[in-house]
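S.K.: have a look at this fold, sequence not included:
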């Protein structure tokens, strides 16, 4: 897998705009290795998008629907599911 260079540049620009301290050369290398390890260029873009939209400093693997197949919902989502189950609406 190769680095999504556009996503990486977007992340660096985001860090500058957010006034997050500049990464060292070694720090950049480790973040790049981590990003590449998450998957192909579309997965890497998703990682950067989540980082920026959530105001995070670091890069994290996308949560997706979880490795165990369960989907996690907010309290509001679970409430609506229960409401639909109780009323018979789908």
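M.R.: Yes, it's here. Just so it is clear, the model here is predicted, and its values are computed rather than measured.
S.K.: can we go C-alpha only for contacts and neighbour counts from here?
M.R.: OK.
S.K.: which residues in the protein form strands?
M.R.: Taking DSSP state E as the criterion, the chain contains no strands.
S.K.: tell me where it is predicted with low confidence.
M.R.: Residue ranges of the chain with pLDDT under 70: 64-90.
S.K.: which parts of this protein are helices?
M.R.: 5-17, 25-38, 41-54, 75-87 (DSSP state H).
S.K.: pick the most buried one from those helices.
M.R.: helix 41-54 (a mean of 18; mean count of other Cα atoms under 10 Å).
S.K.: give me the angle between that one and helix 25-38.
M.R.: 120 degrees (axes from the mean of the first three to the mean of the last three Cα atoms, to 10 degrees).
S.K.: list the contacts of helix 41-54.
M.R.: Applying Cα atoms under 8 Å, 6 or more residues apart in numbering, the external contacts of helix 41-54 come out as 1-4, 7-8, 10-11, 14, 35-36, 38, 57-62.
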